[in-house]
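**Q** Using only what follows, build the 3D model:
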Amino acid sequence: MINVLIVDDSLTAREYIKYIIDQDPDLRLVGAAQNGNEAIKLVESAIPDVVIMDIHMPGMDGYKATRMIMETRPLPIIIYSSLVAPEQTQNIFKAMQAGAVAVAQKPPGLGNPETKPFMEKLLRMIKLMAEVKVVRRVPPKPRKQPAGPSSQILKTKNLTNIDVIAIGASTGGPPVLQEIFRELPSDFPVPIVVVQHITTGFLPGMLKWLSGETRLNLKIAKTGDALLPGHVYFAPEESNMAISKDGKVLITKFGSQGQLKRPASHLFMSVAKCYGTRAAGILLTGMGNDGASGLKEMKRCGAQTMVQNRETSIVFGMPESAIKLDAANYILSPAEIADLLMGMVSRMRKKARPKA
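**A** This is a model prediction of the structure:
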């Protein structure tokens, strides 16, 4: 049985969500709060497995309540609002920054032909998110100058001969990508390829949101794209992305529904095969184990590999799976990953500078 807590200031909305939950015998409503303050108290007393959280409420809104719950008693929180349609980019990723593991749009009223698919999607999401093992969210700290880890890595490993950087991310990934990319200059000398698991329809909005925080050129990749420095190429939704030896992108749609979808590992495998020691692989927060086997292959082929640490991951599933496979050379925070990449740039520029 999955215990669910509803947080919404509207009695009608609370009753509607209760009606949806009652449709599934595996779900049980254990509490209903009218605002964020009540939600924090009920999380302690009702002990839900999943929280369904509205955004705009009197007193404490859903963003702040989510952040406080994730810092004190972390559990999967679904932001459930009419303000998280795919085109409402800022609201969606503000929810993710707060620590929500998923966002869901409120369905139209009963009798609308679109209501049933919305309800079914929410029920599936609740069950799926209940299985997510979230970690405590660390309150943000003032950004410090790079200190030890990345500089030590640069001293011990040659990270100057990198031709491509491959990144895999899932739940909680967009805010981490934002943190890393905003530190990188527009003339970053290496192309970056990214697989980010995301709900269909949300990828263009994510790129728009990220573009406001970085000087890099972001785009959704297509077959035949040539990898260029200072550019970040995202795998399209419901697709695998691979890289050829001549630095070109190959996009293929996912196969049958029964086929395992491992887009991060698919990308990492192709990078390992085509670039070997001239690549770096990064696996960030996310549920499941996608990317772990591919990162292991990159490491076997001599690439530099790193994963996000537990303390900063919303969900440690993907990084932990890679660690268990001994696929990671380094376990770092997003700030340390950004520092490492900036240090790598500095070393590459120094190496390229002509001697007097």
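**Q** In three-state terms, label the nearest residue to Ile6 once chain neighbours are set aside for me.
**A** Spatial nearest neighbour of Ile6, chain neighbours left out: Ala32 (4.6 Å); criterion: Cβ to Cβ, 6 or more residues apart in numbering. Glycine gets a C-beta too; all of them are placed from N, C-alpha and C. Following DSSP: H, G, I helix; E, B strand; the rest coil, Ala32 is assigned to strand.
**Q** Next one: Ala32 from Phe188, what distance?
**A** 48 Å (Cβ to Cβ, to the nearest Å).
**Q** Following the chain past the helix or strand of the chain with the lowest mean pLDDT, name the next helix or strand.
**A** The least trusted helix or strand in the chain, going by mean pLDDT, DSSP states H and E, turns out to be helix 149-156, with a mean of 46. Counting by DSSP states H and E, the next helix or strand C-terminal to helix 149-156 is strand 164-169.
**Q** Any chance you could give me that next one in PDB, C-alpha atoms only?
**A** The C-alpha trace of strand 164-169 is given here as PDB (Å, rounded to 0.1, in the frame of the first residue of the first chain):
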ATOM      1  CA  VAL A 164      34.100  15.300 -26.200                       C
ATOM      2  CA  ILE A 165      32.300  15.300 -22.900                       C
ATOM      3  CA  ALA A 166      29.300  13.000 -22.500                       C
ATOM      4  CA  ILE A 167      26.700  13.600 -19.700                       C
ATOM      5  CA  GLY A 168      23.800  11.400 -18.500                       C
ATOM      6  CA  ALA A 169      21.100  12.600 -16.100                       C
END
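**Q** Report all helices and strands that it contacts.
**A** Secondary-structure packing of strand 164-169 (3 or more Cβ pairs under 8 Å, 6 or more residues apart in numbering; DSSP states H and E): helix 173-181, strand 192-196, helix 263-275, strand 279-283, helix 292-300.
**Q** I'd like the average pLDDT over the helix or strand encompassing Met70.
**A** For Met70, the enclosing helix or strand under DSSP H and E is helix 62-72. Helix 62-72 shows a mean pLDDT of 95.
**Q** Pull the residues that contact the next helix or strand after that helix.
**A** Using DSSP H and E, the helix or strand that follows helix 62-72 in sequence is strand 77-81. With contact meaning Cβ atoms under 8 Å, 6 or more residues apart in numbering, strand 77-81 is reached by 8, 17, 50-56, 62, 66, 69-70, 91, 95, 98-106, 122, 125-126, 129.
**Q** ok, what's across the strand from Val164?
**A** Beta-bridge pairing for Val164 (DSSP bridges): Ala279.
**Q** mind checking pLDDT for it?
**A** Looking at Val164, its pLDDT reads 95.
**Q** Count residues in the vicinity of it, would you?
**A** Neighbourhood size, Val164 [other Cβ atoms under 10 Å]: 20.
**Q** for this protein, what spans make up the strands?
**A** 2-7, 27-33, 50-53, 77-81, 102-105, 164-169, 192-196, 217-220, 231-234, 239-243, 249-253, 279-283, 304-308, 330-332 (DSSP state E).
**Q** which stretches of the protein have low pLDDT?
**A** Applying pLDDT under 70 to the chain flags residues 87, 138-160, 256-260, 345-356.
**Q** one step back: for Ala32 and Phe188, indicate the residue with more neighbours.
**A** Phe188 (24 against 21).
**Q** Distance of that one relative to Asp339?
**A** For Phe188, the distance to Asp339 - Cβ to Cβ - is 14 Å.
**Q** Likewise for Gln308?
**A** 14 Å.
**Q** Same check on Gly276?
**A** Relative to Asp339, and taking Cβ to Cβ, Gly276 is found at 25 Å.
**Q** Just want to know which of the two has more residues nearby.
**A** Shown here are Gly276 and Asp339; by other Cβ under 10 Å, Asp339 has more neighbours (24 against 14).
**Q** can you redo the strands of the chain as TSV with distance to Thr115?
**A** Shown next, in TSV, are the strands of the chain (distance: least, Cβ to Cβ, whole Å):
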stretch	distance to Thr115
strand 2-7	18
strand 27-33	18
strand 50-53	17
strand 77-81	15
strand 102-105	12
strand 164-169	32
strand 192-196	29
strand 217-220	31
strand 231-234	32
strand 239-243	29
strand 249-253	29
strand 279-283	38
strand 304-308	38
strand 330-332	45
